[in-house]
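**Student:** Quick one, structure for this:
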Amino acid sequence: MRMIPCAIGALGLCAGSLTGQAPAGAPGLRLTLAEARSMAQRTSPELAVARQALAAARGRERQAGAFPNPILAYGREQTSRAGQTASQNILSLEQRFEIGGQRGARRQAAGLLRAAAEARMRAVAAQVDYDVTRSYAATVAADRRSVLVDEAAQAFANAGRVSGERLAVGDISGYEDRRLRLEAARYTALRLAAVVARDSAVRILVSLIGLADSAARTGVPLLVDTLTPAPLALAEDSLVARALASRPELRAARLEAEAGQAEVGLARAERIPTPALSGGFKNERITTGESLNGFVLGLSLPLPLWDRRGGAIDAARADAASRTAELEGLRRQTIREVRSAFEAHQAIAGQLAALQEQLGDDAAKARQAAGAAYGEGEIGLLEWLDAVRAYQEAEAAYAALWAEYIARRGALERVTGATLF
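**Tutor:** The predicted structure follows:
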């Protein structure tokens, strides 16, 4: 893929033009993409939820390894007859023993779910990075379009002054003057729309990085990153293979499918009765007044007559099959996402390179020359309008393509886990 660094850099420099948008007396925070991502990682509510979900999974894993608590029991029996009394006191301790491997199966399933929660947290972190990257690029592009419309509005103001002078001396018709003022009004509306779009993009970015409540104090952030990533060094198939091996969502789904199989094993193990062994001390006082001491031993074993855990096993099997199907669906979706993002990324890169050949300093100078020629009366209104429109539309298209290029690259980074910025 061929990239034109100066093209991306030229647009990236317009990020610095956001400096002019900061309110007087409220200098904005200078913000690179890496800094914006770091701030979002620290303040993202979604990531906080994922961290707590991981903490809960760790707690469940620890709990799954716990042994059953022993049961301390005390009993007293007393009988009386014809003025004679006999009694006995029994103090015993009972312990259940899971001889069917239930504890190990629980620990295995809980450990897999904890690992899946870790992968889910990494997936959320990758999504946060992607959202910030896309918003950062959209904000830079929106500001660039706002600057372009401002330049056009200034050009129409100058042209309106020239048109008024030429109309006064009869060099142009009233129709041409009205046509110019109509176009000026149209660009005024476009200017307002561009400002609204830019402010909306800034608000989204500010919200993502956690500055929504303090934006009034810190001012509008100054986006200083030119975002000039190097061309992709990995081929499409390599990116697909990397995504299948590294995508956090896919790893989480794989671990959850394995946990489903472990839960099937747990359901089967729960069919095995869990015996309880008890032992204790017994004191007996008989009618003669003698006191006898001794030990008691007991064994209890549940009989699986009515509940053989058949329904639980069937449910666990169905859940495991469902998770396996979801895993396969996500695997196919991952392949589609990587190929789609890669193809769009490469196509947009080619379009950016083609547009760059027509833009840059030469295009700006040509537009300025057209304005000067119109002011001197060397070209007519239509020729000047065509020059302004062509420049504005080409630059605006370039800004939109650049933002989409960065978004597609961010999508590849999110899915593959590769560092692309």
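**Student:** List the residue ranges of this structure that fall below the pLDDT cut-off.
**Tutor:** Under the criterion pLDDT under 70, the flagged ranges of the chain are 1-28, 213-219.
**Student:** List the contacts of the residue nearest to the spatial centre of it.
**Tutor:** Among the residues of the chain, the one closest to the centroid is Q127, at 2.0 Å (Cα atoms, centre = their mean). Contact criterion Cβ atoms under 8 Å, 6 or more residues apart in numbering gives E46, R414 as the residues in contact with Q127. From N, CA and C alone the C-beta is placed, and that goes for glycine too.
**Student:** how about it, secondary structure?
**Tutor:** For Q127, the secondary-structure state derived from DSSP: H, G, I helix; E, B strand; the rest coil is helix.
**Student:** Then A344?
**Tutor:** Reducing the assignment at A344 to three states with three-state DSSP gives helix.
**Student:** Repeat that for G298.
**Tutor:** Under the three-state scheme (three-state DSSP), G298 adopts strand.
**Student:** Pull the contacting residues for it.
**Tutor:** With contacts defined as Cβ under 8 Å, 6+ apart, the neighbours of G298 are S92, E94, L277, S278, G279.
**Student:** so it bridges to which residues?
**Tutor:** S278 (DSSP bridges).
**Student:** Make 680 the first number, not 1, from now on.
**Tutor:** From this message on, residue numbering opens at 680, which makes the last subject G977.
**Student:** ok, it to G754 distance?
**Tutor:** G977 is 12 Å from G754, where distance means Cβ to Cβ, to the nearest Å.
**Student:** Could you pull up phi and psi at the residue of the chain most remote from its centre?
**Tutor:** Centroid-distance maximum for the chain: A761 at 82.5 Å, with Cα atoms, centre = their mean. The main-chain torsion angles of A761 are listed as degrees, to the nearest 10 and equal phi 50, psi 40.
**Student:** about what we covered before: show the buried residues in the contacts of G977.
**Tutor:** S771, E773, S957 (16 or more other Cβ atoms under 10 Å).
**Student:** need the helices for this protein, in chain order.
**Tutor:** Remark: helices assigned in the chain by DSSP state H are 684-692, 712-722, 724-743, 781-847, 853-887, 894-897, 915-925, 927-948, 989-1035, 1040-1054, 1060-1095.
**Student:** Can I get those in TSV including distance to T966?
**Tutor:** Formatted as TSV, the helices of the chain follow (distance: least, Cβ to Cβ, whole Å):
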stretch	distance to T966
helix 684-692	101
helix 712-722	78
helix 724-743	51
helix 781-847	47
helix 853-887	85
helix 894-897	89
helix 915-925	80
helix 927-948	50
helix 989-1035	52
helix 1040-1054	117
helix 1060-1095	84
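**Student:** Out of those helices, the one nearest E969 is which?
**Tutor:** Each of those has some distance to E969 by Cβ to Cβ; the shortest is helix 781-847, at 45.5 Å.
**Student:** Next, the angle from that closest one to helix 1040-1054.
**Tutor:** Direction vectors for helix 781-847 and helix 1040-1054, defined by axes from the mean of the first three to the mean of the last three Cα atoms, to 10 degrees, enclose an angle of 30 degrees.
**Student:** The helices of the chain: which one's closest to P749?
**Tutor:** Closest approach to P749 among those is made by helix 781-847 (15.1 Å; Cβ to Cβ).
**Student:** Q940 is in contact with A999, correct?
**Tutor:** Yes - in this structure, A999 is within contact of Q940 by Cβ atoms under 8 Å, at 5.2 Å.
**Student:** ok, how many other residues are close to N962?
**Tutor:** If you count neighbours by other Cβ atoms under 10 Å, N962 ends up with 14.
**Student:** How about it: what's its closest non-neighbour residue?
**Tutor:** Excluding the flanking residues, the one nearest N962 by Cβ to Cβ, 6 or more residues apart in numbering is N768, at 4.6 Å.
**Student:** isn't the one you found right up against L971?
**Tutor:** No - checked against Cβ under 8 Å, the pair N768 and L971 is beyond contact range at 11.1 Å.
**Student:** Tell me the strands beside the strand of greatest length in the chain, with direction?
**Tutor:** For the chain, the strand reaching the highest residue count under DSSP state E is reported as strand 763-775. Within its sheet, strand 763-775 is paired with strand 750-760 (antiparallel), strand 955-964 (antiparallel), according to DSSP bridges.
**Student:** among those strands, which is the most enclosed?
**Tutor:** Neighbour counts (mean count of other Cβ atoms under 10 Å) averaged over each of these peak at strand 955-964, with a mean of 15.
**Student:** ok now it, how far from the chain's centre?
**Tutor:** Relative to the centre of its chain, strand 955-964 is centred 60 Å away, using Cα atoms, centre = their mean, to the nearest Å.
**Student:** List the contacts of that strand.
**Tutor:** Counting by Cβ under 8 Å, 6+ apart, 750, 752, 764-776, 970-980 sit against strand 955-964.
**Student:** PyMOL command for the buried members of the residues you listed?
**Tutor:** Selection of the buried residues among the contacts of strand 955-964 in PyMOL, burial being defined by 16+ other Cβ under 10 Å:
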select buried, resi 767+769+771+773+775
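**Student:** Need the contacts of G977 in JSON lines (columns: distance to R782).
**Tutor:** Shown next, in JSON lines, are the contacts of G977 (distance: Cβ to Cβ, whole Å):
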{"residue": "S771", "distance to R782": "24"}
{"residue": "E773", "distance to R782": "18"}
{"residue": "L956", "distance to R782": "16"}
{"residue": "S957", "distance to R782": "20"}
{"residue": "G958", "distance to R782": "22"}
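**Student:** For E915, state which of the residues you listed is nearest.
**Tutor:** Sorting the contacts of G977 by distance to E915 puts L956 at the head of the list, at 63.0 Å, by Cβ to Cβ.
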